[in-house]
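*Asks:* fold the following for me, if possible:
(one chain, ligands or ions: 2)
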Amino acid sequence: MLRRTRQRQAVQDVFAKAEGPLGPHEVVAAARNAASNLGIATVYRTIRELLNAGWLVSVATPNGTRFDLAAHQPHHYFYCSVCAKTFHVEGCVGSFDHLIPPGFVANEHQLTIIGTCGACALQGGGS
Ligand SMILES: [Zn+2]
Ligand SMILES: [Zn+2]
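*Replies:* Ligands and ions are numbered 1, 2, ... in the order given. So this is what the prediction gives:
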């Protein structure tokens, strides 16, 4: 069980330090950078556990489902269509209540802005 707890902690550390929501393969890559070795099966299993525990939420992005800390509010993101990374966006434009059809009840919203991140915009600037 000790090994399992350590793996779970490594996955939680990766999410806590990320600049946005991560997909399972991004978690594996980030853990490798932090000198932890996590297999993809372990990452999938741990993400499922953390989702069930309410510690993570899933985020739909243009190239697949990613996961973010439930505690990181608001759930607003910027997806770079060049490098396919997703970043946190702080702050909220306000209420979307006027967009909700009559009789519908909104509990929360997620928002993903799609474009080019700063690093990719710089690289593309010269060409
Ligand atoms: Zn980018
Ligand atoms: Zn908002």
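*Asks:* ok, now which ones touch the residue at minimal distance from the centre of the chain?
*Replies:* Nearest residue to the geometric centre of the chain (Cα atoms, centre = their mean): Pro21, 1.1 Å. Neighbouring residues of Pro21 by Cβ atoms under 8 Å, 6 or more residues apart in numbering: 59, 61, 66-68, 77, 86, 88. Placement of C-beta: from N, CA and C, glycine included.
*Asks:* just those now: which is nearest Asn52?
*Replies:* Of all these, Asn52 sits closest to Phe67, with 12.2 Å by Cβ to Cβ.
*Asks:* so what sits opposite the nearest residue to that closest one once chain neighbours are set aside in the bridge?
*Replies:* Leaving aside its chain neighbours, Phe67 sits nearest to Leu56 (4.5 Å; criterion: Cβ to Cβ, 6 or more residues apart in numbering). Beta-bridge partners for Leu56, by DSSP bridges, are Leu69.
*Asks:* low pLDDT regions in the protein?
*Replies:* Residues of the chain meeting the criterion pLDDT under 70: 1-2, 125-127.
*Asks:* hmm, 90 instead?
*Replies:* Scanning the chain with the threshold set as pLDDT under 90 gives 1-6, 32-37, 73-74, 91-98, 106-110, 124-127.
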